Each structure stands twice: as C-alpha cells, then as structure tokens.
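> Any chance you could fold what I've pasted below:
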Amino acid sequence: MRTFSAIRTPLCPKTLSGSRVFLKDGSLLGLSVVSRAQSMSGNSTSAGSGWYNSLAESGPVHLCEQYLMGVQQVTGFPWWLSIIMSTVMVRTLITLPLATYQVVIIAKVEALQAEISELAKRLRYEVSFQGKERGWTEREKRFQFQKHLRHLVSQLYIRDNCHPFKASLLVWVQLPLWISLSLALRNLSLNQPAGQCGLTTGGALWFPDLTSPDSTWILPLCLGLTNLLIVEVFSLQKLNQSRFQRLTTNFIRVFSVLMIPVAASVPSSMALYWFSSSLVGFCHNLVLRSPTAHKLLKLQAQRSDTPYRDLLTAFVNKYCK
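The predicted model follows:
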C-alpha cells in the first residue's frame, strides 16, 4: 500500500535533475515508463531512418559534398551554375566513357547475331540428326540444342570480348554516383547552417532558394519530360521489342512520371541536378548516335547515315499520325 500512497501523493513543482522528478516528500518518481515509451518511439523512428542516415553519412557522399563545394569555390560561380558545371564534368569524364564502351559492346553483340543465327540452324540440324539415332524425345532435343547453343554463343562472346554483361557496367557506376551526389546536395541544403554554403541565395529565376522545393513545379516537369523523351527515343530504336523489353520500357515510363512529384518535394538543388544529369545524358546519347562517332569507334554493325532524321521520322509516324 506504500506504493499506492506514494502514487497518490500530490506533486510539488517539479525539480528536474537530469531525467528525474521528485515528489513533495522528496521520494523519487521513476520515469521508467515514460523513458521506455520515448525510447521505443525513438527506436522505431531510428529504425526507419537508420539506413538512410548511414547512407547519407557514408564516405562517398562526403566525397561528393567536398567535390561540389570545391567546384563552387574554385570557379566562383553561383550555386545553380556550379551544380550544372559539376554535373557536366561528372557525366563527361566518368559516365560518357562508360556509355561509349557500352555502345561498342552492344554493337559487337548485334554484329554477332547473323553468325549466331547461322550456327543455330546448323546446330538444330545436328541435334535433330543425333536425336533420331539415339532415340531422344522432343524435350531431350530441346535441352541438348539449348545447352550446346549457349556454349557456342559464350565462345563467340569470348572470341570478340563482348559479353553482354559488360554493357551493364554503366548502370553499376552511374546509379551509385547519382545517389551519392543527390544525398550530398540534400546534406548541403538541409544539414548546413543557413547561409553557410550560399545555397539559400544561390538559385536563379523562379528558384532563388536552392534549399527549398520548387513551388512552381517547372524543374520537376522538365525532369519528367526529359526522362520520358529519353525513354521514347530508346524505344524507337527497338522496332521488334520482346515482351520483357516492353514491360521494362513501360516501367521506366511510370517511374519517370512518379519522379515529378518526388522532385517537387526535395530541395531545388536536387531537382536541378536531376534535370541537368538527364539532359546531359540525353545529349551524350545523341552524340554517340552520330556517324562520326561510329567511325571513330570503328563499329562493325551497319548504321544509318541520317540517325537524327530517322529518329524524327519515327517519332512523327508513331505519335503524330
């Protein structure tokens, strides 16, 4: 009953000592329940954001922060121009060579398709002939055909040093780099004291404050339209897409649209970087389609001498007729 009477004892004005509250008679009122509730809510919040905080405070993100601040300090440009300059430098010095390498690998793989088709015909005839001699079922014939065809194709990839997996190297470099630069800009926009980096006054035109979202939605809409344009240009080149390629293209279309409200909810510095990155990547994509680039890269596959006119014609035929 002593515990019951202690609980009913009226509280005097609270005397705080760290996290302790004393009663009128001087006895200590344990705050274990309150502390436990606060720690539970804190744990649930930290559990949800722990992975993000770890990523935002990682070494690559801090390196990107130093890179962005270094470019701004060396050039003396306002932050909006410095972000665009930093994006152009990264896309040109790092991702453009990888994109060029990707074009070379894809061209070599496409050049092998005729040889692979001829080998498949011969292999199908040989498997059919052996299947009759050994009494194979249709299932066994298909298994043997696919097994030997995979081996032959693998040998061709080794011979020409053009395994399709090498074409994905661009994605494995570009995606972590994009995430690191995005988080670096978010850290500089939200975690720095106001005005320390100059982002609050480093914008231009309708987005003077780069630490706040673009309330006009101009940058997010430009980002979405640019990404959709990239997807459509890519899809126009693939005349006979497989079902998986069509599903992938539609998924990227949906993702491009969903990026619009996301870009409208983040600091304008991030939206500006995303838009600049997409625009520079689109320009690089067009440059790599030029006949001059194909001659410099010594691509073996047959390419059109008027790639830009062909893209425009295909676009008009698909969407304007």
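
> At which residues are the strands of this protein located?
For the chain, applying DSSP state E gives strands covering 16-17, 20-22, 28-29.

> show me what contacts the residue found closest to Lys108 once you drop the neighbours it is linked to in the chain?
In space, not counting the residues next to it along the chain, Lys108 is nearest to Cys162; the distance is 3.6 Å by Cβ to Cβ, 6 or more residues apart in numbering. Where C-beta positions appear, they are placed from N, C-alpha and C, glycine not excepted. Contact criterion Cβ atoms under 8 Å, 6 or more residues apart in numbering gives 104-105, 108-109, 112 as the residues in contact with Cys162.

> From those residues, pick the one nearest Thr248.
Val109 (17.4 Å; Cβ to Cβ).

> From what I see, the closest one and Pro164 are in contact.
Yes: counting by Cβ atoms under 8 Å, Val109 sits close enough to Pro164 to count as a contact (5.7 Å).

> Between the two, which is the more surrounded one?
Val109 (20 against 12; other Cβ atoms under 10 Å).

> related to what we said a few turns ago, state the distance from the residue nearest to Lys108 to Val104.
Here the distance between Cys162 and Val104 works out to 8 Å (Cβ to Cβ, to the nearest Å).

> In contact with the closest residue to Val88 other than its chain neighbours: list those residues for me.
Among residues not flanking Val88 along the chain, Val280 sits closest, at 5.7 Å (Cβ to Cβ, 6+ apart). For Val280, the set of contacting residues under the criterion of Cβ under 8 Å, 6+ apart consists of 87-88, 91-92.

> Please apply the same query to Val266.
Taking Cβ under 8 Å, 6+ apart as the definition of contact, the neighbours of Val266 are 186, 213.

> can you tell me how far it sits from Asn53?
Between Val266 and Asn53 the distance, using Cβ to Cβ, works out to 17 Å.

> same deal with Thr216?
31 Å.

> Between the two, point out the one with more neighbours.
Ranked by neighbour count (other Cβ under 10 Å), Thr216 and Asn53 place Thr216 first, with 13 against 10.

> Do I have it right that the more buried one meets Pro208?
No: in this structure, Thr216 sits apart from Pro208 without contact. The criterion is Cβ under 8 Å, and the distance is 11.5 Å.

> Nearest residue to Pro208 in space, ignoring adjacent ones along the chain?
What sits nearest to Pro208 in space, not counting adjacent residues and going by Cβ to Cβ, 6+ apart, is Thr201, at 6.8 Å.

> So which of the contacts of Val280 are in helices?
Residues of the contacts of Val280 located in helices (DSSP state H): 87-88.

> Give me the nearest residue to Leu63, chain neighbours excluded.
Closest residue to Leu63 apart from its sequence neighbours, by Cβ to Cβ, 6+ apart: Ser180 at 7.5 Å.

> so who does that neighbour touch?
When contacts are taken as Cβ under 8 Å, 6+ apart, Ser180 is in contact with 58, 60-61, 63-64.

> Mind checking which of those residues are buried?
Using 16 or more other Cβ atoms under 10 Å as the burial test, these include 61, 64 as buried.

> could the contacts of Ser180 be laid out in TSV, adding pLDDT and distance to Phe244?
As requested, these are arranged in TSV below (pLDDT from 0 to 100; distance: Cβ to Cβ, whole Å):
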residue	pLDDT	distance to Phe244
Ser58	81	33
Pro60	87	32
Val61	89	34
Leu63	92	36
Cys64	92	34
